[in-house]
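*Asks:* Starting from these lines, generate the structure:
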Amino acid sequence: MANVKVKPDVKLDTNCFQHEILELVSKQRSNTKKVSILQEYRNNALVSLFIWNFDDSVISLLPPGDVPYADIKEMTSVGGTLSDQVSRQISGQEKSVGYNGVDGDIRRGRTSLRNEYDKLYNFVKGGNNTLSSIRRETMFINMLQGLDPKEAELLCLVKDKKLTDKYKITWENVKEAYPDVRWGGRS
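*Replies:* Prediction:
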């Protein structure tokens with residue numbers, strides 16, 4: 001009889017990052033397992049991200065594509081778009097600079113979408129109509145700068161409704177996991 005190795009189920013911390021949940025779901029082969037994990041780690045931030053990404057009635061008020069950004073301190077050395085900087089941090093090519101200007105690891109001084117999701121309404125149609133485009137884009141850039149780089153990358157994907165470009169999660173998985181979510185009629 002052949003020995004069959006059974007992989008133990010991976011358990012995430014209860015306060016894990018949203019990208020960690022999506023990475024775990026993406027690794028699952030069966031839709032049943034994907035739905036089960038989505039249900040297990042359900043939180044308001046995750047549901048908000050799925051609604052923004054998959055609900056056609058949610059219209060982003062941010063420009064599509066890479067987020068342009070160059071901090072005054074970085075214009076001479078690094079520059080580029082915020083998306084470029086996030087990619088460099090994720091790949092380990094660049095250290096993160098903390099709020100006090102001291103090099104640190106990429107999680108130090110960073111927040112998560114779990115802590116910031118309640119501000120996402122500012123970036124979609126019908127959310128906060130009092131903001132000017134410049135103010136809205138500045139708020140978005142500031143939020144991205146404060147987030148863990150992988151959380152920032154995730155938010156940029158959702159902004160452009162491109163979550164499925166990176167993660168193997170379908171709208172059908174989400175609808176099955178969260179049957180109570182109302183789809184449509186949001187903007």
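*Asks:* Which elements pack onto the longest helix along the chain?
*Replies:* The longest helix of the chain (DSSP state H) is helix 133-146. Packing partners of helix 133-146 (3 or more Cβ pairs under 8 Å, 6 or more residues apart in numbering; DSSP states H and E): helix 82-91, helix 149-159. In short, each C-beta sits where N, CA and C put it, glycine included.
*Asks:* By mean pLDDT, show me the worst of those.
*Replies:* When these are compared by mean pLDDT, helix 82-91 comes last with a mean of 62.
*Asks:* Strands of this protein, start to end?
*Replies:* Here the chain has its strands, by DSSP state E, at 96-97, 103-104.
*Asks:* for this protein, which residue is closest to the average position?
*Replies:* residue 154 (2.7 Å; Cα atoms, centre = their mean).
*Asks:* list the contacts for that residue?
*Replies:* Applying Cβ atoms under 8 Å, 6 or more residues apart in numbering to residue 154 gives the contacts 18, 19, 22, 49, 113, 163.
*Asks:* Turn those into a markdown table, columns for distance to residue 177 and neighbour count.
*Replies:* Putting the contacts of residue 154 into a markdown table (distance: Cβ to Cβ, whole Å; neighbours: other Cβ atoms under 10 Å) gives the following:
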| residue | distance to residue 177 | neighbour count |
| --- | --- | --- |
| 18 | 14 | 24 |
| 19 | 17 | 24 |
| 22 | 12 | 24 |
| 49 | 13 | 24 |
| 113 | 18 | 26 |
| 163 | 14 | 21 |
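*Asks:* which ones among these are found in helices?
*Replies:* Reading helices off the contacts of residue 154 with DSSP H, I get 18, 19, 22, 49, 113.
*Asks:* what's the closest non-adjacent residue to the third one?
*Replies:* Think residue 22. residue 167 (4.6 Å; Cβ to Cβ, 6 or more residues apart in numbering).
*Asks:* count of neighbours near that neighbour?
*Replies:* 18 (other Cβ atoms under 10 Å).
*Asks:* quick one: pLDDT of it?
*Replies:* At residue 167, the model reports a pLDDT of 97.
*Asks:* try the one 4 residues further on
*Replies:* With respect to pLDDT, residue 171 has a value of 96.
*Asks:* Surely it and residue 54 touch.
*Replies:* Yes: using Cβ atoms under 8 Å, residue 171 is in contact with residue 54, at 4.5 Å.
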